[in-house]
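K.L.:
Generate a structure from the sequence data that follows.
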Amino acid sequence: MVSTGPSPAPPIGSASPVPDEIATFALADLAGDPGWRRPVIVEQELLILTTRGHGDAELDFHLLPCRPGTLLRVRSGQVLRCAGPQFDATVVSWDTEALRGFDVDLAAPLTWRQLAGEDEDAVITEVSQLAVDCQRHPGGRTARALLRHQLAVLLLRLTLAGADRSTSRPEDETFHRFCQEVEHGYPRTRRVEDYAAALRCSVRTLTRACLAVTGRSAKQVIDQRVALQAGRLLAATDQPIAQIGRQLGFSEPTNFGRFFTREVGVSPGAFRAARDQPVTGRVVRPRPPVEPTGVNGGRFRPGTLGEPTNGGHAGPSGSPTGPARGTGRA
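P.N.:
Numbers count the residues shown, from 1 in each chain. All right, here's what the predicted structure looks like:
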């Protein structure tokens, strides 16, 4: 059965009751509490289209400016918070099974985009029609097929609009495959040798690809992914710190504490204590991400959310209403 959309979203942290459910609803329905004091772990795939007002979305500990025409792509497992919120948005939610059989690249690296011109008109029209059809057609085989096709067209349009037309290098493909393996394997192993064996290449090849794309070694990419997941769990859950460490492959809490402090700059306890702090008044200007497992490829620090340590530029919070042509693309 297909959701009848703008009804409330499925509870955060629970699986959708229908494998291929597609739903539309308001941004406020994603909040874990009325004030959205803490980030929440998102359990389904989301597109968030800002329709009114302006403010900041905090996605995986980076602030992204939102105003009418801003589109966010949130992946299952990421942490999200829109304190306030100071803006309204329409959310499209789906389970990956909804697109089974469609040639849609769900790993396309869209995170943030300020739509403008024909792209904005087309996306707004398609999101609006999807919301209407979710409400008008509550279920049935034909209705489900209609919504699946509409979602596929929307995602394909976004992929085309953000396609990188530059010539890709062999290192790019190797890095992409490596990130996919890391996404599945990081809770079990942080050894580069294990990933090289899975990809049937040498450790040197993986390291060369990572350095070419990110400026970081393969081991650093793996460790960053583990630290990101630790930060997500520390910020959005009340799991004991020792349990989080064990879940990520650390047999001793002290080893996990040293690892996290080295990667993030503060202890797990200090990071958790800062999770209820208001977001800062500075934002990162979105850039094309260098890997699919994080936003902008930067590390994160509590209290300075949105200010990565990889040299990202920061600017004043807020932006005028209405989309501006020629703004950044991610």
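K.L.:
Now L46, what are its backbone angles?
P.N.:
Main-chain torsions, L46, degrees, to the nearest 10: phi -130, psi 150.
K.L.:
got the contact list for it?
P.N.:
Neighbouring residues of L46 by C-beta atoms under 8 Å, 6 or more residues apart in numbering: L30, L72, R73, V74, R75, V91, V92, S93. For every residue, glycine as well, the C-beta is placed using N, CA and C.
K.L.:
Return the residues in contact with E252.
P.N.:
G245.
K.L.:
ugh, typo on my part, it should be V226
P.N.:
Counting by C-beta under 8 Å, 6+ apart, V226 makes contact with Y186, R190, L248, G249, F259, E263.
K.L.:
One more pass at 10 Å, please.
P.N.:
Applying C-beta atoms under 10 Å, 6 or more residues apart in numbering, we find V226 in contact with V182, Y186, P187, R190, L248, G249, F250, F256, F259, F260, E263.
K.L.:
For the fifth one, what are phi and psi?
P.N.:
This means L248. Dihedral angles (degrees, to the nearest 10) for L248: phi -100, psi 10.
K.L.:
Verify the contact between it and P187 for me.
P.N.:
Yes: counting by C-beta atoms under 10 Å, L248 does reach P187; the two are 5.9 Å apart.
K.L.:
In strands, which of the contacts of L46 fall?
P.N.:
By the criterion of DSSP state E, membership of those in strands covers L72, R73, V74, V91, V92, S93.
K.L.:
Adding distance to L233, pLDDT and neighbour count, write those out as TSV.
P.N.:
Formatted as TSV, those follow (distance: C-beta to C-beta, whole Å; pLDDT from 0 to 100; neighbours: other C-beta atoms under 10 Å):
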residue	distance to L233	pLDDT	neighbour count
L72	22	95	25
R73	22	94	21
V74	17	95	22
V91	23	96	24
V92	26	96	25
S93	22	95	26
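K.L.:
between these, which is nearest P138?
P.N.:
Nearest to P138 among those is S93, at 16.1 Å by C-beta to C-beta.
K.L.:
who's in contact with the spatially most central residue of the chain?
P.N.:
The centroid of the chain falls nearest to V74 when counting by C-alpha atoms, centre = their mean (3.8 Å). Taking C-beta under 10 Å, 6+ apart as the criterion, V74 is in contact with 30, 42, 44-48, 57, 59-60, 80, 91, 93, 111, 295.
K.L.:
how about the strands in the protein?
P.N.:
Secondary structure of the chain by DSSP E: the strands cover 22-26, 40-41, 45-53, 55-59, 62-66, 70-74, 79-81, 87-94, 112-114, 282-284, 314-316.
K.L.:
export those strands to JSON lines and tack on distance to L154?
P.N.:
Below are these laid out as JSON lines (distance: least, C-beta to C-beta, whole Å):
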{"stretch": "strand 22-26", "distance to L154": "11"}
{"stretch": "strand 40-41", "distance to L154": "24"}
{"stretch": "strand 45-53", "distance to L154": "7"}
{"stretch": "strand 55-59", "distance to L154": "19"}
{"stretch": "strand 62-66", "distance to L154": "19"}
{"stretch": "strand 70-74", "distance to L154": "10"}
{"stretch": "strand 79-81", "distance to L154": "20"}
{"stretch": "strand 87-94", "distance to L154": "8"}
{"stretch": "strand 112-114", "distance to L154": "13"}
{"stretch": "strand 282-284", "distance to L154": "26"}
{"stretch": "strand 314-316", "distance to L154": "30"}
